[in-house]
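*Asks:* next one to model:
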Amino acid sequence: MGIKIKALPHCIVFPYSPPLGRYNLNFYEAQKACLAQDAIIASFDQLFNAWKSGRFYYLIHPTKLTYDEAVQACLNDDAQIAKVGQIFAAWKFLGYDRCDAGWLADGSVRYPISKPRKRCSPNEAAVRFVGFPDKKDKLYGVYCFRSYE
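*Replies:* So this is what the prediction gives:
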């Protein structure tokens with residue numbers, strides 16, 4: 001008897017690197033890390049269909065924000081603070097490019113670069129990882145995600 005998994009129609013597939021670093025999780029730990037991101041380990045069909053989505057954006061705001069201010073700014077814009085998978089999906093599948101570091105839901109700060117250039121990512125297209133700064137730092141913008149459902 002096989003296991004039947006119902007595929008969700010609106011999935012975002014992304015690589016996730018926890019604070020411990022990449023490639024340090026066994027399968028059980030990977031499942032747990034996914035659950036902490038409101039996610040599951042992706043199936044082949046989910047990977048194949050992942051390129052179809054994206055409602056991700058950098059919120060233009062007059063000042064830099066703390067993490068709590070970033071969460072509230074997205075809510076005030078009828079959105080949610082974006083998750084790691086949403087920045088990867090927008091970068092990889094939509095070519096999203098923004099040289100502005102912004103908060104994400106897991107408390108990390110990242111920015112997506114599709115067109116490498118000086119001061120952003122001079123050598124490669126990538127989602128650049130700034131780190132997990134103190135959430136009280138007012139040094140960053142925010143990436144938001146709006147659901148139209």
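*Asks:* distance-wise, check the residue nearest the centre of the chain relative to L139.
*Replies:* Closest residue to the average C-alpha location of the chain: V84 at 2.0 Å, with Cα atoms, centre = their mean. Using Cβ to Cβ, to the nearest Å, V84 is found at 19 Å from L139. In short, each C-beta sits where N, CA and C put it, glycine included.
*Asks:* what does G95 give?
*Replies:* 26 Å.
*Asks:* surely the residue nearest to the centre of the chain and L104 touch.
*Replies:* Yes. Counting by Cβ atoms under 8 Å, V84 touches L104, with 5.7 Å between them.
*Asks:* which residues do the two both contact?
*Replies:* R110 (Cβ atoms under 8 Å, 6 or more residues apart in numbering).
*Asks:* show me where this protein has its strands.
*Replies:* Along the chain, counting by DSSP state E, strands occupy 56-58, 80-81, 102-103, 109-113, 126-131, 141-145.
*Asks:* just tell me which of those strands ends up closest to Y28.
*Replies:* The closest of the strands of the chain to Y28 is strand 126-131. By Cβ to Cβ, the value is 24.6 Å.
*Asks:* show the contacting residues for I113.
*Replies:* By Cβ under 8 Å, 6+ apart, the residues touching I113 are 91, 97-99, 120-121, 125-128.
*Asks:* at 6 Å instead, please
*Replies:* I113 makes contact with 97, 120-121, 125-126, according to Cβ atoms under 6 Å, 6 or more residues apart in numbering.
*Asks:* format those residues as JSON lines; extra columns: neighbour count and pLDDT.
*Replies:* Below are the contacts of I113 laid out as JSON lines (neighbours: other Cβ atoms under 10 Å; pLDDT from 0 to 100):
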{"residue": "D97", "neighbour count": "17", "pLDDT": "95"}
{"residue": "C120", "neighbour count": "16", "pLDDT": "88"}
{"residue": "S121", "neighbour count": "19", "pLDDT": "84"}
{"residue": "A125", "neighbour count": "15", "pLDDT": "93"}
{"residue": "A126", "neighbour count": "15", "pLDDT": "92"}
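*Asks:* many thanks, I have nothing further to ask.
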